[in-house]
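K.L.:
Whatever this is, show me its structure:
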Amino acid sequence: MKNSVGTYAAFKGLLREGAILFPLFYLAILASRLIQQYADPGVLQTLFQDNWLIAIPALAVILSIIPLPRYIDYPIAAALFGLGAGYGVVFVLLSGEAVGDLIRNITEAKFLGWRFAKARILISIVVVTLGGFLMEVLL
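P.N.:
Just a heads-up that it's a prediction; the model follows:
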């Protein structure tokens, strides 16, 4: 009896999370298809290939401000990669999601203080940016 109550609670939580995640994931797939269909490859090359020294830190900062839910950035990253975005840009897009996780940031601030949360965010931006540069240079 005790296991069935725990299983029911876990299943209920899974459904609640899925009700939010699945529509956002499908919107991200739609956004990736729109990017593939309508994005000008010349503009993307200018933004992500020719100016990657600017694009990588800018993307890291933008993703730390705009919180994307988990797994939403994968279809968008795949679309940009397919259109010629470099490894570093895709790395920053996928890694920056953890920096801008709003719930994580609020939880850290609540339990560990705003000073810790701000320091972690700033250090994470620097580390993600350096990782993007490293990916771009090595691959």
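
K.L.:
Show me which residues of the helix ranked longest in the chain are buried.
P.N.:
Taking DSSP state H as the criterion, the chain has its longest helix at helix 2-38. For helix 2-38, burial by neighbour count (16 or more other CB atoms under 10 Å) applies to 25, 28-29, 32, 35. C-beta here means a position set from N, CA and C on the backbone, and glycine is covered the same way.

K.L.:
In terms of secondary structure, what does the helix or strand of the chain with the lowest mean pLDDT contact?
P.N.:
Within the chain, no helix or strand scores below helix 2-38, which has a mean of 76 by mean pLDDT, DSSP states H and E. Helix 2-38 is packed against helix 73-82, with contacts defined by 3 or more CB pairs under 8 Å, 6 or more residues apart in numbering; DSSP states H and E.

K.L.:
Now the next helix or strand after the helix it packs on: buried residues?
P.N.:
Per DSSP states H and E, the first helix or strand lying C-terminal to helix 73-82 is helix 87-99. By neighbour count with 16+ other CB under 10 Å, helix 87-99 contains the buried residues 87-97, 99.

K.L.:
How about stretch 57-70?
P.N.:
57, 59-61, 63-64, 68-69.

K.L.:
same thing with stretch 103-111?
P.N.:
Neighbour-count burial for stretch 103-111 [16+ other CB under 10 Å]: 105, 108-109.

K.L.:
how close does the residue nearest the centre of the chain sit to Tyr71?
P.N.:
Of all residues in the chain, the one closest to the mean position by CA atoms, centre = their mean is Glu97, 2.8 Å from it. With the distance defined as CB to CB, to the nearest Å, Glu97 ends up 9 Å from Tyr71.

K.L.:
Low-confidence ranges, the protein, go.
P.N.:
For the chain, applying pLDDT under 70 flags the ranges 1-5, 67-68, 70.
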